[in-house]
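Student: any chance you can model this:
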Amino acid sequence: KTFSQNSHLISHLRTHTGERPYQCTYCDKAFTEKQNLVKHNRTHTGKKPYQCSHCGKTFSVNSILINHVRIHTGEKPFQCTMCDKSFSQNSTLTGHMRTHAGGEEKPSHRAHNVEKNIGSTLEGRNYINNIHSAYIQPPVLNVESPM
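Tutor: Numbering: from 1, shown residues only. Just a heads-up that it's a prediction; the model follows:
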C-alpha cells in the first residue's frame, strides 16, 4: 500500500502491530488514532457538537448526523446493483443484499456477531471489504460543518 501522508502510513502500521497509543482516561479503551479517542470521549462527556439544521437534534458523531439528515431530505444514496431499491443507510443496503443471495433481509444477531468477529482480523476485513464492495457504491455528500 502507498500513502499520501506519513501519518497515514503510521496509522496503517498500527493495524499490523496492534499498537494503540491513545488511551481513554475514563475507561480502559485505547485507540490507534487520536480522532477515534476524541469521538469515544464524547460517550463519557455527553458532548454532541453536530446539530441538525432541520430539527435541531444534536449528535456526538458527524456520520450519525449525516444519516439523520436523510430522514428530512429523503435522500437514499445507497442503491442496490441488482434491483431498483435505494436506501438511506449503507447497513440497510447490506442487509437487503442478503435477499438476493437467498438469505434474510435482516440478519440474525448471531450473523452480525460473526461478521464483527471476522472483521477483527486483517484477512477478515479484506474478506468483508471484497464482499461488500461488489454491492455498495459510496455516495458523495455535501454536509455543512458544525457551528
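Student: every contact and neighbour count from this point should use C-alpha atoms.
Tutor: Will do.
Student: so where is this structure shaky, pLDDT-wise?
Tutor: Flagging of the chain using pLDDT under 70 yields the residue ranges 103-147.
Student: which parts of it are strands?
Tutor: 22-23, 30-31, 50-51, 58-59, 78-79, 86-87 (DSSP state E).
Student: and the ones you listed: which comes nearest His16?
Tutor: strand 30-31 (13.4 Å; CA to CA).
Student: number of nearby residues for the spatially closest residue to Thr58 that is not a sequence neighbour?
Tutor: Residue nearest to Thr58 in three dimensions, not counting chain neighbours: Gln51, with 4.3 Å by CA to CA, 6 or more residues apart in numbering. Residues near Gln51, counting by other CA atoms under 10 Å, number 20.
Student: you'd agree Gln51 is up against Leu65?
Tutor: Yes. At 7.2 Å, Gln51 counts as touching Leu65 under the criterion of CA atoms under 8 Å.
Student: give me the common contacts of the two.
Tutor: Thr58, Phe59 (CA atoms under 8 Å, 6 or more residues apart in numbering).
Student: same list, the strands of the chain, but as CSV with distance to His44 please.
Tutor: Formatted as CSV, those follow (distance: least, CA to CA, whole Å):
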stretch, distance to His44
strand 22-23, 13
strand 30-31, 14
strand 50-51, 16
strand 58-59, 14
strand 78-79, 32
strand 86-87, 31
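Student: Ser4 is nearest to which of the ones you listed?
Tutor: strand 30-31 (21.7 Å).
Student: which strands and helices lie in contact with that closest one?
Tutor: Under the contact criterion of 3 or more CA pairs under 8 Å, 6 or more residues apart in numbering; DSSP states H and E, strand 30-31 touches strand 22-23.
Student: so who does Gly46 touch?
Tutor: Gly46 makes contacts with Ser60, as judged by CA under 8 Å, 6+ apart.
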